[in-house]
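1. using only what follows, build the 3D model:
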Amino acid sequence: MIQRKLKKRLGKLTRILVIAILCAGTGINVPADNSLAAASKCTEHNYIIQQTAVPGSGKTTKVCQECGDTQEMTIPASINSIAWIKDNVNSNSPETHSICDKGEQIEIYVSCNPSDVDNKEFVVEVSDTSVAVPSAREGYAGVLNITGSGELTVNVHAKYDPSIEQTFTFTIKDIPEGAVNYGTQKGYTGLDAQYHTKEEIRNYYLKHPNYNLEPEYKVKPLLEAPYTIGELTEEAKQDALNLLNIYRYITGVPEVSITEKAQNYAQAAASFFALTDYRSHVLSMADKPKDMSKEIFKQAYYGAWNSNIASSMKLSETIVAYMLESEKDYNNFGHRMQLLKYNYKEAGFGIARSKSGCLHSATYVNAYMSKNKIISYPGQNQPLEYFGNNYAWTIVFPEESYKTKINVKLTDMKTGQTWNYKNGSDGFYIDTNSGGGGTCVIFFPKDIEYKEGDCYKVEINGITNPISYQVNMFYLADGDSIEKADVGLFMPAGSCTYIGEEQKPPVKYVKLGTVPLKEGRDYTVEYQNNVNIGIATVKVTGKGRYTGTATKDFKIDTYNGLRFNVGGFVYTVTGKDEVSCTGFVSKKIKKVKIPETVKIGGKDFVVTSIGISAFTSEDIKSVNIGSNVKKIGKCAFEFCYKLKEITLGSGIEEIGKNAFKGINQKAVINLPAGQFSKYKNLLKNTGQGKKVKINKI
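-> Coordinates of the predicted model:
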């Protein structure tokens, strides 16, 4: 008979239970006694195992209480691993932070080395019996009966060698009222996903804002030799990561992180797609430009194969598209399955614009990830900001099942209405090929308008371990006026350039307090006074659950060197309010009149000069220069053989060399009377012929 005398261990840990685990199917293996002397002492030995083992030796002895016969026996020399089996179905690591219901059981199983020892007895101790109490169960190291909530430390050690031990800590959380753990129901398995309350999801959402940012770079991709893949700003990468992790948190799977390796793979793939203006998961050496390094092509090759890829969308928009695929995408739900993989850890986000202007992107997901656990989308508490009518419901589980046997029942817990799906049903699909193995059940409830407070129960039968769980719909934020919302615009240059057409800088974000709002769902955008030079306005109007309006002003301006066509003449901006006449666009103009001012984009600009070679070799016959022109550039009217009359305004301060070289020999140049002497001096190096007349007017 096994004694149950235990030593006090682990400080405050409560000494709870010794659980006998016998070698499978044999009980304790008692070696044959070959000693005649021992045989004469007693006919049936009653052994007691000695607790004097050398730590880590894997050996101890047992002594018969009747005759003193001693036998050597093997015990665990080390613990390989500890796992638990929850609901008799799912094997999990004990490090997992689990959410359990009171009364639920977690069976602890110990794998030891050697595996075929004579004795596998272990002691299970817990730190707080108000959270969980161990009990015995044949074939396992113990069963934790959940009695409350809180953090629990568990120690498992070999009974006859306390140095062979493992300790782990996990958290038991109370499931809130209304969140039924269907895994505890007889015959059903629950989800492997972590249960997050509505408030937890709200808090996570607020701490991980997503603004759907335009791609911004520390280093821009170079799409020609020597080729560089480029590098996004930390802000741009974090924006995409926040959105992906929001979806994962809602689902109840662990966060992912950006790693340098994954980021380089994704950015190399996106840059290669931008270079070729073509996307494919499979690249070959024939696709490699001769002058591209093998290292860059290798990154692009691996990134293309292991990424979700898209075009014509910003990074955040691609993640939304992958997650909220519609019924037409039913055969390609590998995108969502990959993004929500339980063991997905390393993420990368690449994006680049081709010479044609098309955005190409890649989100690294690692196509070689192992099979999934039991997870679903929508999640157990589902924000309606991240779901919508006519979007797919998906449930992934490791088992590969025949679609002819699977059936799904969806129940509205408020009204009792049910929807049943099976093979051949409208809006029902089974995918066993995408996303790395297992089965993905896909169904599309028709004509459901999801509302705050809706609750749905999902039951999946026709599989080895039927699944049941519950989905509660809610909004992350209360509706409110957006009058005081913070509106940000995407304008890298700080202002928009006047082009004679409407300017619509994209809205980068709209935040109400700390809550980022979404265009189309929470607000609409319109632009006012957004054509001419000056101050334009973006007007953001609340929509759906939001009311009121918010505005943001932005500037439309010009810059030096910008050219405009006004009245057939070309004017180039040379200062804040100044332009130079640099030619014309109509060869039919024979009489050139340079005005004092010209209106561009609703603003008056002073014409202060005539550009170098502005009218060289043109067939003009006369020129009248306004009084604001201070400078005539060199060669401005050179070789205008038909030019016979030039009238200069009163503001000329400089005339460039050969400005009038080659004009008509009979030409007349008219000068202001008050500045006749000054102008004659300015005309000494302008190249006009000796027969050209200089008149005073």
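
2. wait, residue 476 sits on residue 205?
-> Yes. At 5.3 Å, residue 476 counts as touching residue 205 under the criterion of Cβ atoms under 8 Å. C-beta here means a position set from N, CA and C on the backbone, and glycine is covered the same way.

3. which of the two has more neighbours?
-> A count of neighbours by other Cβ atoms under 10 Å puts residue 205 above the other of residue 476 and residue 205, at 22 against 19.

4. can you name the residues that contact residue 477?
-> Neighbour list for residue 477: 202, 385, 512, 515, 545 [criterion: Cβ atoms under 8 Å, 6 or more residues apart in numbering].

5. report the helix or strand with the lowest average pLDDT across this structure.
-> strand 14-19 (a mean of 37; mean pLDDT, DSSP states H and E).

6. so where's the stretch 351-500 of the chain uncertain?
-> The model of the stretch 351-500 of the chain has pLDDT under 70 over residues 367-372, 401-403, 433-437.

7. sorry, back to before: any chance of TSV for the contacts of residue 477, columns distance to residue 286 and neighbour count?
-> Below are those laid out as TSV (distance: Cβ to Cβ, whole Å; neighbours: other Cβ atoms under 10 Å):
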residue	distance to residue 286	neighbour count
202	51	18
385	45	21
512	52	21
515	50	18
545	53	16
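
8. of those residues, just say which sits nearest to residue 47.
-> When the contacts of residue 477 are ranked by distance to residue 47 (Cβ to Cβ), residue 202 comes first, at 61.2 Å.

9. the closest one against residue 515, yeah?
-> No. Residue 202 lies out of contact with residue 515 (Cβ under 8 Å); the separation is 9.2 Å.

10. tell me, what's touching the two both at once?
-> Listed as contacting both residue 202 and residue 515 by Cβ under 8 Å, 6+ apart are 476-477.

11. one step back: just the ones of the contacts of residue 477 in helices?
-> residue 202 (DSSP state H).

12. for the contacts of residue 477, name the two members farthest from one another.
-> Maximum distance among the contacts of residue 477 (Cβ to Cβ): 14.6 Å, for 202 and 545.

13. give me the nearest residue to residue 498, chain neighbours excluded.
-> residue 601 (4.4 Å; Cβ to Cβ, 6 or more residues apart in numbering).

14. and that neighbour, what does it touch?
-> By Cβ under 8 Å, 6+ apart, residue 601 lies in contact with 498, 500, 531-533, 556, 558.

15. residue 415: which of the residues you listed is nearest?
-> Nearest to residue 415, judged by Cβ to Cβ, of the contacts of residue 601 is residue 531 at 52.5 Å.

16. and the residue nearest to residue 228 when sequence neighbours are not counted, how many neighbours?
-> Excluding the flanking residues, the one nearest residue 228 by Cβ to Cβ, 6+ apart is residue 222, at 4.2 Å. Other residues lying near residue 222 total 14 when counted by other Cβ under 10 Å.

17. can you check residue 108 too?
-> So residue 108, with other Cβ under 10 Å, has 22 neighbours.

18. tell me which element it falls in.
-> strand 105-113 (DSSP states H and E).

19. also residue 304?
-> Going by DSSP H and E, residue 304 is in helix 294-305.

20. tell me how far the helix or strand following that helix is from the chain's mean position?
-> Downstream of helix 294-305, the first helix or strand assigned by DSSP H and E is strand 307-311. Chain-centre distance of strand 307-311: 12 Å, with Cα atoms, centre = their mean, to the nearest Å.

21. how much does the next helix or strand after strand 307-311 deviate in direction from strand 307-311?
-> Moving toward the C-terminus from strand 307-311, the next helix or strand (DSSP H and E) is helix 315-323. Helix 315-323 and strand 307-311 are oriented at 110 degrees to each other (axes from the mean of the first three to the mean of the last three Cα atoms, to 10 degrees).

22. show me where the stretch 201-350 of the chain has strands.
-> Secondary structure of the stretch 201-350 of the chain (DSSP state E, counting those that start in this stretch): strands at 217-219, 231-232, 257-258, 307-311, 346-353.

23. again but with the stretch 451-600 of the chain, I slipped
-> 455-461, 467-474, 486-489, 496-497, 507-512, 515-516, 523-528, 534-542, 549-557, 563-566, 569-573, 578-584, 591-594, 597-600.

24. and those, which one is worst for confidence?
-> Looking at these, the lowest mean pLDDT belongs to strand 515-516 (a mean of 75).

25. how far away is the nearest residue to residue 603 once chain neighbours are set aside from residue 489?
-> Excluding its sequence neighbours, the residue lying closest to residue 603 (Cβ to Cβ, 6+ apart) is residue 533, at 4.5 Å. Residue 533 is 18 Å from residue 489, where distance means Cβ to Cβ, to the nearest Å.

26. now residue 448
-> Separation of residue 448 from residue 489 (Cβ to Cβ): 37 Å.

27. same deal with residue 79?
-> 59 Å.

28. now the angle between strand 105-113 and the longest strand along the chain, please.
-> Longest strand in the chain by number of residues (criterion: DSSP state E): strand 161-172. With the same axes, to 10 degrees defining the directions, strand 161-172 sits at 150 degrees from strand 105-113.

29. may I have strand 161-172 exported as CSV, CA atoms only?
-> The C-alpha trace of strand 161-172 is given here as CSV (Å, rounded to 0.1, in the frame of the first residue of the first chain):
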residue,chain,number,x,y,z
ASP,A,161,12.7,12.5,-6.4
PRO,A,162,11.5,16.0,-5.6
SER,A,163,14.3,17.5,-7.7
ILE,A,164,12.5,16.3,-10.8
GLU,A,165,9.9,19.1,-11.1
GLN,A,166,8.3,21.8,-13.3
THR,A,167,6.4,24.9,-12.2
PHE,A,168,4.0,26.9,-14.3
THR,A,169,1.6,29.8,-13.8
PHE,A,170,-1.6,30.6,-15.6
THR,A,171,-4.7,32.8,-15.1
ILE,A,172,-8.3,31.7,-14.5
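
30. now that strand: how far from the chain's centre is it?
-> Centre-to-centre, strand 161-172 and its host chain are 37 Å apart (Cα atoms, centre = their mean).

31. strand partners (parallel or antiparallel) of it?
-> Paired neighbours of strand 161-172 in the sheet (DSSP bridges): strand 150-158 (antiparallel).

32. can you give me how far the strand it pairs with is from the chain middle?
-> 37 Å.
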